[in-house]
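Student: Next input, structure requested:
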Amino acid sequence: MEQLSTSTLIKSKRVNSLLMEAKNLTGISRKISLVEMALEYWIKYQKRLNLINMAGYIQLDVNFNATRGRG
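Tutor: This is a model prediction of the structure:
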């Protein structure tokens with residue numbers, strides 16, 4: 001993605017279109033609040049993906065029967 005200045009970004013028709021759609025879906029009217037929320041969701045999403053991608057790389061030596069008092 002190319003680097004854009006803040007003023008160019010604000011004037012972008014695509015960005016304004018996305019902000020308007022987000023505003024309609026969420027009811028949040030402040031642009032900064034929408035951007036903050038979107039970044040929070042994006043970061044959480046990326047962290048979940050990282051955890052999913054780690055599946056199979058961590059080996060646990062856990063005896064669940066003993067842990068649950070069965071053995």
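Student: Number of residues surrounding the closest residue in space to residue 23 that isn't next to it in sequence?
Tutor: With CB to CB, 6 or more residues apart in numbering as the measure, residue 29 is the residue that lies nearest to residue 23, at 5.9 Å, once sequence neighbours are left out. Where you see a C-beta, it was placed from the backbone N, CA and C, and this is true even at glycine. Residues lying near residue 29 (other CB atoms under 10 Å) number 9.
Student: Which secondary structure state does residue 29 sit in?
Tutor: With DSSP: H, G, I helix; E, B strand; the rest coil as the basis, residue 29 sits in coil.
Student: helices and strands of the chain: which one bottoms out on pLDDT?
Tutor: Between all helices and strands in the chain, the lowest mean by mean pLDDT, DSSP states H and E belongs to helix 6-11, at a mean of 68.
Student: Check which helices and strands the very next helix or strand once past it is in contact with.
Tutor: Following the chain from helix 6-11 toward its C-terminal end, the next helix or strand by DSSP states H and E is helix 13-26. With contacts defined as 3 or more CB pairs under 8 Å, 6 or more residues apart in numbering; DSSP states H and E, the secondary structure elements packing on helix 13-26 are helix 31-53.
Student: tell me how far the helix or strand that the helix it packs on is followed by is from the chain's mean position?
Tutor: From helix 31-53 onward toward the C-terminus, using DSSP H and E, the following helix or strand is helix 64-67. Helix 64-67 sits 35 Å away from the centroid of its parent chain (CA atoms, centre = their mean, to the nearest Å).
Student: could you give the mean pLDDT of helix 64-67?
Tutor: Along helix 64-67, the predicted confidence averages to a pLDDT of 80.
Student: Report the separation between the residue nearest the centre of the chain and residue 54.
Tutor: Taking CA atoms, centre = their mean as the criterion, residue 42 is the residue nearest the geometric centre of the chain, at 2.0 Å. Residue 42 sits 19 Å away from residue 54, taking CB to CB, to the nearest Å as the criterion.
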